[in-house]
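[1] coordinates only, no sequence provided:
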C-alpha cells in the first residue's frame, strides 16, 4: 500500500459540502477511535447512530486528530475547492491522496491537474475499497456532514 503524507476527503450531504485533511501520522491514533463509524446511507437506525456517534466524537476527541476540517453550504463549494487547492499547492513536496464525491470528480480532477498532476492522487468516492484505511477515514467526514445537516433540521 502506498503511504501518503496527507489524506483529503471532499464530500456532500444534500445541501452541505465539506473537506477534512488528515496527516499520515494521525492515522494509527484515529483508526481505533472510528471503528463504529458507518456509511449513513446504509444504516437502518439513523437517529440512534447519530446520537451515539456524537458522544464518541466528543469523548474520543476526533476533531483533535484532524488537521483541517470545514463544512459549508453547497453554494460555497468554491471556498472548499480553493482551500484544498491552496493546501495542495503549499505542500507540493508531499504525496497527497484526495477522495472526492463522484459527481464532482471530473471538475476537481481538472483543477488538480492544473496545479499538480504527479504527487496528488484523486480518487472517486465509489472507488474506495470497503474497509480500507481510506474508506474508513472517509466515514469521518460523511458522519460529520450528516450530523451538521441534521442539526439544522432539529
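    Noted; the coordinates are in hand. Please read these numbers as outputs of a predicted model, since none were measured by experiment.

[2] switch to C-alpha atoms for all contacts and neighbour counts from now on
    Will do.

[3] and the top helix by length along the chain, what does it pack onto?
    For the chain, the helix with the greatest residue count under DSSP state H is helix 133-153. Judged by 3 or more CA pairs under 8 Å, 6 or more residues apart in numbering; DSSP states H and E, the packing partners of helix 133-153 are strand 6-13, strand 16-23, helix 27-33, helix 46-59.

[4] mind listing what's buried in it?
    For helix 133-153, a neighbour-count test (16 or more other CA atoms under 10 Å) marks 134-147, 149 as buried.

[5] that one vs strand 16-23, what angle?
    Angle, helix 133-153 to strand 16-23, by axes from the mean of the first three to the mean of the last three CA atoms, to 10 degrees: 140 degrees.

[6] with residue 138 as the reference, measure out to residue 52.
    In this view, residue 52 and residue 138 are 18 Å apart by CA to CA, to the nearest Å.

[7] sorry, that was for residue 3
    16 Å.

[8] repeat that for residue 105.
    As for residue 105, its distance to residue 138 is 15 Å (criterion: CA to CA).

[9] for the lowest-mean-pLDDT helix or strand in the chain, enumerate the helices and strands it packs against.
    The weakest-scoring helix or strand in the chain, judged by mean pLDDT, DSSP states H and E, is helix 105-115 (a mean of 72). Counting contacts by 3+ CA pairs under 8 Å, 6+ apart, helix 105-115 packs against helix 77-90, strand 120-124.

[10] and that helix, which residues are buried?
    Neighbour-count burial for helix 105-115, counted by 16+ other CA under 10 Å, picks out 105, 108, 109, 112.
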